[in-house]
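K.L.:
test case, fold it:
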Amino acid sequence: MRWALVKVCLAVTAMVVIAFAVPLALVIKEMASDRAFSNAERQAAALGPTLSITTDRVALEKATASTEAGADGRIALHIPASAEAGSKGLEMGEGRASAKDIEAARAQAVIASVKGGSVLLQPTALPSGKIAVIEVFVPEGEVSNGVGTSWLVLAGVGLALVVGSVAVADRLGVRMVQPAQRLAGAAQDLGEGKLGARVPEEGPTELRSAAVAFNSMADQVVQLLANERELAADLSHRLRTPLTVLRLNAASLGEGPAAEQTRAAVEQLEREVDTIIRTAREAKPQTQPAGAGAGCDASEVIRQRMDFWSALAEDEGREVRLAGVDRPVRIPVARAELAAALDALLGNIFRHTAEGTALSVDVHNGDDAVIVLVSDAGGGISDPAAALARGNSGAQAGSTGLGLDIVRRVAESTGGDVRIGRSVLGGTEVRIWIALDGGRRAGGGRGHRVRRKRRGTSRRAAGV
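P.N.:
You can find the predicted model right below:
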């Protein structure tokens, strides 16, 4: 918009300058020409009194030499024959005009073009009644004297007007564009989840109206999200009653691996419900990246979740391999979110693969990313892209299709991603790429070195 306004102003100003400058330049040229011939007329008129008294050569030469043009040799006299001047007449000075022009000038003044300029032929009456012609030569340089300088000044003024108009249009464009840019930036911030984004209500009337509408919309979005959080908290709170019943029933199951597993599951479910309630009831949702030191130890979380699932894996005769969790691995992901992502992937393995199918969890720590591999020896996923689509459960019973979406959301919150491929165990491999700097994505630059390391480590893990 800014450059469009500048271009329009430039075009309009240029047209106005041309419309006035061209006629004015022609007028200046015409004025210079009139000035030169007016001066020539004054030079010729200075000889008129002398010719009206005498046609003596000596007197006429003295009168001619007293004028500026005569001193420069630019005046010639054409006196017809008479009793005083002789039968052949009198010719004085260097004549440049043709005989035809001289004869025409005896009736009226004539301006004729000659080599190197023009001549003014001025008729003057003699005492004898004859008509003499005074020829004054006007050089071409004198006709255009000062025209070039005037045109340069005129061009400079026109250029200054164009530059000034462009500068003014640019300032006006900035005044119009800046509110629009702020509005676009605030819209992008709101789309990224920064719910505090607002726009100053300033600028032209239309943009002020747009800013008011945007701020009102943002306020409504915040209110709607607050209402949804309250609704989620209320719905989660209602789950506490049936959870209490389940916990009491689990307490009466007695001792044994199944009873302990059931009680652990109920306790885990209670903790998840409490987490949902606390998160939903937060006054301000998190809209900025986690600060320094935020996140969790991925190795610790994975070990805890594998301890939980190992009991069920033992009951179903599944071989479990775990690698890369022998030392701390800090990632910018909350503990609860990483645990939810792991539970979703491990739950999918237990639900959708046959008993006895082996599985493995492998952690690889790179300079700019951490990769978590969850693999199984099942039949694999025929359409990985469709599996990553939100809510796509296919024809699998007991699946909401949101498990992989939870995993993807955790990875993308750090700038990473999720990919599905074929594992070294023969089944499905889900690779969670968690970026440590929040900027690099999988598959580029240093990420390739991590992937090569990951493949080699996976082979070693598969051979455990």
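
K.L.:
the helices in the chain, which residues?
P.N.:
2-53, 57-65, 68-71, 99-105, 140-143, 147-191, 205-238, 240-251, 257-280, 298-315, 335-352, 384-388, 403-412, 446-462 (DSSP state H).

K.L.:
pLDDT weak spots in the stretch 151-300 of the chain?
P.N.:
230, 232-241, 243-245, 248, 276-294 (pLDDT under 70).

K.L.:
on that earlier part again, nearest to Ser360, of the helices of the chain?
P.N.:
Ser360 sits nearest to helix 446-462 of all the helices of the chain, at 5.8 Å, using CB to CB. Yep, even glycine has a C-beta here, placed from its N, CA and C like the rest.

K.L.:
any chance of JSON lines for the helices of the chain, columns mean neighbour count and distance to Ala377?
P.N.:
Shown next, in JSON lines, are those (neighbours: other CB atoms under 10 Å; distance: least, CB to CB, whole Å):
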{"stretch": "helix 2-53", "mean neighbour count": "15", "distance to Ala377": "61"}
{"stretch": "helix 57-65", "mean neighbour count": "15", "distance to Ala377": "124"}
{"stretch": "helix 68-71", "mean neighbour count": "17", "distance to Ala377": "116"}
{"stretch": "helix 99-105", "mean neighbour count": "16", "distance to Ala377": "116"}
{"stretch": "helix 140-143", "mean neighbour count": "15", "distance to Ala377": "103"}
{"stretch": "helix 147-191", "mean neighbour count": "15", "distance to Ala377": "42"}
{"stretch": "helix 205-238", "mean neighbour count": "14", "distance to Ala377": "36"}
{"stretch": "helix 240-251", "mean neighbour count": "13", "distance to Ala377": "32"}
{"stretch": "helix 257-280", "mean neighbour count": "15", "distance to Ala377": "23"}
{"stretch": "helix 298-315", "mean neighbour count": "17", "distance to Ala377": "13"}
{"stretch": "helix 335-352", "mean neighbour count": "20", "distance to Ala377": "10"}
{"stretch": "helix 384-388", "mean neighbour count": "15", "distance to Ala377": "17"}
{"stretch": "helix 403-412", "mean neighbour count": "19", "distance to Ala377": "19"}
{"stretch": "helix 446-462", "mean neighbour count": "15", "distance to Ala377": "9"}
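
K.L.:
ok, which of those helices comes nearest Ala369?
P.N.:
Nearest to Ala369 among the helices of the chain is helix 446-462; the distance by CB to CB comes to 5.6 Å.

K.L.:
report the rounded mean pLDDT for that closest one.
P.N.:
The average pLDDT for helix 446-462 rounds to 37.

K.L.:
can I get the helices of the chain in JSON lines with distance to His78?
P.N.:
Output for the helices of the chain, formatted as JSON lines (distance: least, CB to CB, whole Å):
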{"stretch": "helix 2-53", "distance to His78": "11"}
{"stretch": "helix 57-65", "distance to His78": "12"}
{"stretch": "helix 68-71", "distance to His78": "15"}
{"stretch": "helix 99-105", "distance to His78": "5"}
{"stretch": "helix 140-143", "distance to His78": "22"}
{"stretch": "helix 147-191", "distance to His78": "31"}
{"stretch": "helix 205-238", "distance to His78": "78"}
{"stretch": "helix 240-251", "distance to His78": "128"}
{"stretch": "helix 257-280", "distance to His78": "114"}
{"stretch": "helix 298-315", "distance to His78": "115"}
{"stretch": "helix 335-352", "distance to His78": "112"}
{"stretch": "helix 384-388", "distance to His78": "105"}
{"stretch": "helix 403-412", "distance to His78": "103"}
{"stretch": "helix 446-462", "distance to His78": "100"}
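
K.L.:
looking at those helices, which is closest to Asp368?
P.N.:
Nearest of the helices of the chain to Asp368, taken as CB to CB: helix 446-462 at 5.3 Å.

K.L.:
for Ala323, find the nearest of the helices of the chain.
P.N.:
Between Ala323 and these, the tightest spacing by CB to CB is seen for helix 446-462, at 3.9 Å.

K.L.:
how about residues contacting stretch 130-141?
P.N.:
For stretch 130-141, the external contacting residues (CB atoms under 8 Å, 6 or more residues apart in numbering) are 36-37, 40-41, 43-44, 47-48, 51, 55, 69, 74-80, 82, 93-97, 102, 105-106, 114, 116-126.
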